[in-house]
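Trainee: Need a 3D model of the following:
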Amino acid sequence: MTLILALACADGIVMASDGQATFSTTGQPVRQPMQKIHSLASCVLWAGAGDVGLLQKIGYALESLEATKLTLPIKGLRPMLFNTVRPVILEAIQAFIPVGPNPQPPMADVLFCGYSGDDPWILEITHTASDVQHEEIGFAAIGSADIFPYFALTSLAHYGVRQRSTAEGQLIAYRVLDDAINTAAYGIGTPIQMSVVDRPSEAAQPGRARPLSIDELRALQEAVTGWKKTETDSLAETLGLRPAEGPPGSLP
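Mentor: The predicted structure is shown next:
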């Protein structure tokens, strides 16, 4: 169980995830913390949702790619990433031995993001071994809780994320992940993880991928709390009320 979110902003791309992996045991599923966001050649971020063992094998395959090839424009990089991930997914499906009631083969969806010159890109490779780019809409989500970001970002569409800075994008991503974790019945959990690909200063250079520190994530948590408080006060002002007052017709 996982939630991965990628947001294209004005000066970079934000990738965020929950920090919980779910493992099946004889008694019941158990959860463990897991690092889900990874960097390739310090210019491409990737994260996966699905079977942990399969994602590990995908990680091995991606690590074998030449660093210089990871700086290619997305038109050249897309088929290379696809042809690296697809055989691993197909091999896992072909090697699957169905045992027990309702057996399911291992599945994995993978999300990548980076820059081609000044242009951000977001690439998804699905568990059905197909691929699609999402930068036109500016965001993508994968995992068992992927419905939460799509709903949340629709309600936050007026913020115009694509025109916002990565600092603002981090706040939005943190809020979406935090709300999803607090809402989902099971399968996703803390700690929230986040990394950024900064837009290159020169078109010929690749973007620069970097993880956020624990202190940066803690500051985001505090800022999101303040943002929600500001919204609460703004709602009262919109209704023409003082913060301590209730809606018209309510009891004191």
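Trainee: alpha carbons only for contacts and neighbour counts from here, please
Mentor: Noted.
Trainee: What separation do you get for R164 and A204?
Mentor: When distance is defined by C-alpha to C-alpha, to the nearest Å, R164 is 23 Å away from A204.
Trainee: the more surrounded of the two?
Mentor: When R164 and A204 are compared for neighbours, R164 comes out ahead with 16 against 13, by other C-alpha atoms under 10 Å.
Trainee: just checking, that one touches C9?
Mentor: Yes. The pair R164 / C9 is scored as a contact, 5.5 Å apart, by C-alpha atoms under 8 Å.
Trainee: Please list the outside residues in contact with stretch 55-69.
Mentor: With contacts defined as C-alpha atoms under 8 Å, 6 or more residues apart in numbering, stretch 55-69 is touched by L40, A41, G48, A49, L77, L81, T84, V85, V88, A108.
Trainee: Report the buried residues of the host helix or strand of the fifth one.
Mentor: By that I understand L77. Using DSSP states H and E, L77 sits within helix 74-95. Residues of helix 74-95 classed as buried by neighbour count (16 or more other C-alpha atoms under 10 Å): 74, 78, 80-82, 84-86, 88-90, 92-93.
Trainee: So which elements touch it?
Mentor: helix 52-63, strand 108-116, strand 119-125 (3 or more C-alpha pairs under 8 Å, 6 or more residues apart in numbering; DSSP states H and E).
Trainee: would TSV of the ones you listed with mean neighbour count be doable?
Mentor: Compiled in TSV, these are given as follows (neighbours: other C-alpha atoms under 10 Å):
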stretch	mean neighbour count
helix 52-63	16
strand 108-116	25
strand 119-125	23
